[in-house]
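Peer 1: Sequence first, predicted coordinates after that:
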Amino acid sequence: MFALVDGNNFYCSCERVFQPRLQGRPLVVLSNNDGCAIARSEEAKALGIAMGAPYFQIKHLEKTAGLTALSTNFTLYGDMSNRMMEVAALLGPEQEIYSIDECFIGLHGIAADTLTARAWRTHRQIAQWTGIPNCIGIGPTKTLAKLANHIAKTADRKPKPYPHILAKVCNFAAMNEQQKAYLFAKTAIGDVWGIGRRIARQLQTEGVCSIADFLQLNAATVRKRWSVVLETTWHELHGQPCLQLDNQPGPKQQIAFTRSFGQPVTSQAELASAITTFATRAAHKLRQQHSQTSQVVVFARTSPFRQGDTPYARTIVTPLLSPTNDTRAIVGAALVALQQLYRPHIRYCKAGVLLLGLTERYASQSAPQMELEWEAPLESTSQKARQQRLMTALDAMANRFGHGTVVLGPQLSANQQWPMRQARQSPCYTTRLSDIPLAIM
DNA sequence: TCTGGGGTCCTAGGACCC
DNA sequence: TCTGGGGTCCTAGGACCC
């Protein structure tokens, strides 16, 4: 058995913990650059604000409907997430942290008839100890646990189609076949984890609208007509587990640092400044997980929304001679790519750096890829050691004093217009001494 | 005027091998 | 004029997730 624990409207709920005046009122948290709504309170949803709605289209609701819009504060959300996960972990012996606001819990060894009561206790503990409202779904597969969680959330806020008794905590294992059949018939196929808009539309044109319809299909047909991925979902919905709990995720296989610009960027120096920053940050992430990269990808593009601008988008992949974790080598490769990519008179609105072909820095089994080079000898061991000490020092300064305390030259070469707009960010209540809230007795 | 960021997995097709 | 069969590895692109 699996449980899925999920914080409701997570970013909004984190803000409300420290600003109780936002309780019961429409609230959205905006994406970077205060671009669009990426989290909405129930009251904001009731105003008809869609996920991803551009801020400039909903701004008027601040005056007319009491809407509050906040910039993202990932430091706060990350810390609140850690606290929620610690409490959620008490539900069972194993935990997979699936995203910032949800985790799977492996429930093996726990008596089936105690599961629902146990989940209710965890639900209340998370609410009481962290202030985050949450829902818990339980099922014999991960997909069914996700589905149970979806039902628990929906039943909590709407009277239809699910009975209110399933609100907040929903346990498939505690239901009889008739009850399950009712829920499968009432749930749209697109609400299932792993079935996105594309596949849902294709299924609907074949007359498959509900989960019940989908379960009627033949597994082989599903695989042939769609994919092995969808067949997995089919088995999981039938109660046959295919997806394991992954409680020890390995290092990431790719690392990205990309940003939209607050204002369009046209000059090469400014773009080089941005790319240098992005590559520096990506290299920092790379070292934090003790990896090295063998491919640096740089892209830049115009806005898909601005009509009248000449559309332009290019991606350049640069393979490296040998894997590295050195910021200077990664920035160097990225800037060479930028020279090939750059065109004047283009209004760039988004750019990024991706690191691919990641390997473990200290992998003992395999010998590292070496350079075949006649002229210059390979870097000496002492050079490598010095280089690593330099990177360690850079990371220590970034971690202690912040990114941008020490930077490579190209990052400074332009008056930086590209940093993000974040006009309305809340304090880092839980992670910065000066931001800790005061309780006046 | 103003529209996010960071991931994973699978598959088809090309390059290359013997 | 006529030109095999069976593999692996890599990459780009598409689908999905939060």
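Peer 2: Nice, thanks for sending it over.

Peer 1: where does the stretch 251-400 of chain A dip in pLDDT?
Peer 2: Within the stretch 251-400 of chain A, the ranges that satisfy pLDDT under 70 run A:362-380.

Peer 1: And the residue of it that's closest to DNA strand C?
Peer 2: At 4.9 Å from DNA strand C, A:V317 is the closest residue in the stretch 251-400 of chain A, using C-beta to the nearest atom of the strand. In short, each C-beta sits where N, CA and C put it, glycine included.

Peer 1: isn't that residue right next to A:S294, touching?
Peer 2: No - counting by C-beta atoms under 8 Å, A:V317 sits too far from A:S294 to count as a contact (10.9 Å).

Peer 1: okay, and the common contacts of those two?
Peer 2: Residues within reach of A:V317 and of A:S294 at once, by C-beta atoms under 8 Å, 6 or more residues apart in numbering, are A:L356.

Peer 1: Neighbour count for the two, which is higher?
Peer 2: Neighbour count, other C-beta atoms under 10 Å: between A:V317 and A:S294, A:S294 has more, with 17 against 13.

Peer 1: so the more buried one, which of the three states?
Peer 2: Under the three-state scheme (DSSP: H, G, I helix; E, B strand; the rest coil), A:S294 adopts strand.

Peer 1: And the strands in the stretch 251-400 of chain A?
Peer 2: Using DSSP state E, counting those that start in this stretch, the strands found in the stretch 251-400 of chain A span residues A:255-265, A:291-302, A:313-324, A:348-356, A:359-360.

Peer 1: how about the fourth one as CSV, C-alpha atoms only?
Peer 2: Backbone C-alpha positions of strand A:348-356 (Å, rounded to 0.1, in the frame of the first residue of the first chain) are rendered in CSV as follows:
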residue,chain,number,x,y,z
TYR,A,348,15.7,38.2,-26.7
CYS,A,349,13.3,37.4,-23.9
LYS,A,350,14.5,34.1,-22.5
ALA,A,351,17.8,32.3,-22.4
GLY,A,352,19.3,29.4,-20.5
VAL,A,353,22.2,27.0,-19.9
LEU,A,354,21.7,23.2,-19.6
LEU,A,355,24.4,20.7,-18.5
LEU,A,356,24.0,17.2,-20.0
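
Peer 1: Now do it and strand A:255-265, the angle between them.
Peer 2: Here strand A:348-356 runs at an angle of 170 degrees relative to strand A:255-265 (axes from the mean of the first three to the mean of the last three C-alpha atoms, to 10 degrees).

Peer 1: residues from the stretch 201-350 of chain A in reach of DNA strand B?
Peer 2: Counting by C-beta under 7 Å from any atom of the strand, the stretch 201-350 of chain A comes close to DNA strand B at A:227-229, A:252-260, A:264, A:285, A:303, A:305-306, A:349-350.

Peer 1: The residues you listed, buried ones only, as a PyMOL selection?
Peer 2: Per 16 or more other C-beta atoms under 10 Å, the buried members of these correspond to this PyMOL selection:
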select buried, chain A and resi 255+257+259+260+264+349+350
